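> Just the structure for this:
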Amino acid sequence: MKLKQLESLLGGLQQFSNPKCRWSWNSTLLDLTSPLACSTLYRSFDASFFLTFFHFPCAAAALLGAEQVIGIDIDSQSLEIASMNAEDLELEIDFIQCDISNLGWRGQIVDTVVMNPPFGTRKKGADMDFLFVALKVASQAVYSLHKTSTRDHVKRAALRDLNASSAEVLCELRFDVPQLYKFHKKKEVDIAVDLWRFVPKRSRGKDI
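Sure, this is the predicted structure:
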């Protein structure tokens with residue numbers, strides 16, 4: 001599949017219009033369907049067994065040829081829309097409704113994880129909670145979005161505390177985030193976001 005075709009298909013996905021600030025306020029807006037993010041993943045893709053947290057990367061993984069794709073989200077409405085998008089694109093994707101803290105998987109059971117976690121603005125450390133789980137279950141790589149302002153912290157924590165052997169910023173993205181909730185003081189905020197690639201220290205066989 002050519003990159004332009006991938007971007008076009010992802011750009012036509014049905015949007016999730018009611019994000020919950022507890023967990024997924026940025027899961028629709030700060031996604032991996034921007035042209036720069038798409039092109040970066042397009043060049044870096046290296047998985048046959050794929051796991052994603054939040055639903056937009058599911059379609060990208062399947063369209064790029066992953067043999068098996070699992071999408072995890074805590075929100076039932078988000079998963080319903082993801083399922084409809086997969087059906088419209090005739091993609092085979094397995095969806096699981098689950099809080100990542102209760103995932104219950106042990107060992108590296110997937111090749112690659114792609115995610116756009118909460119940034120920890122409302123709940124401090126939420127993005128690191130996601131990264132901790134992702135690095136536990138991925139054997140090859142984790143692709144993840146984090147605020148550029150936290151770059152030093154993310155790299156230090158990943159290498160020192162979260163079992164990553166390497167942490168690389170692939171590109172910097174910019175998103176205009178509109179006012180969604182009462183605690184948002186401005187009508188729109190421009191946010192710089194890094195697309196990271198993390199590699200776990202250990203690569204073992206698939207197990208649970």
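> Could you use CA atoms for every contact and neighbour count after this?
Noted.
> quick one: secondary structure of Ala60?
Secondary structure assignment for Ala60 (DSSP: H, G, I helix; E, B strand; the rest coil): helix.
> quick check, Val189 in a helix?
No - under three-state DSSP, Val189 sits outside any helix and is assigned strand.
> For it, the count of nearby residues, please.
Number of residues near Val189 (other C-alpha atoms under 10 Å) recorded here: 13.
> Who is it paired with across the strands?
Val189 has these beta-bridge partners by DSSP bridges: Val177.
> how near is it to Arg174?
In this structure, Val189 lies at 10 Å from Arg174, with C-alpha to C-alpha, to the nearest Å as the measure.
> Same check on Lys155?
Remark: distance between Lys155 and Arg174 (C-alpha to C-alpha) = 19 Å.
> the more surrounded of these two?
Taking other C-alpha under 10 Å, Lys155 and Arg174 do not tie; Lys155 has more neighbours (19 against 14).
> Tell me if I'm right that the more buried one and Ala167 touch.
Yes - shown here, Lys155 and Ala167 form a contact pair, counting by C-alpha atoms under 8 Å, at 6.0 Å.
> which residues in the chain form helices?
Counting by DSSP state H, residue ranges of the helices within the chain are 3-11, 35-44, 56-63, 76-88, 126-137, 151-160.
> mean confidence for the longest one?
For helix 76-88, the mean per-residue pLDDT is 87.
> Just give me how far it sits from the chain centre.
16 Å (C-alpha atoms, centre = their mean, to the nearest Å).
> Report the buried residues of it.
Counting neighbours by 16 or more other C-alpha atoms under 10 Å, one finds that the buried residues in helix 76-88 are 78-79, 81-83, 85-86.
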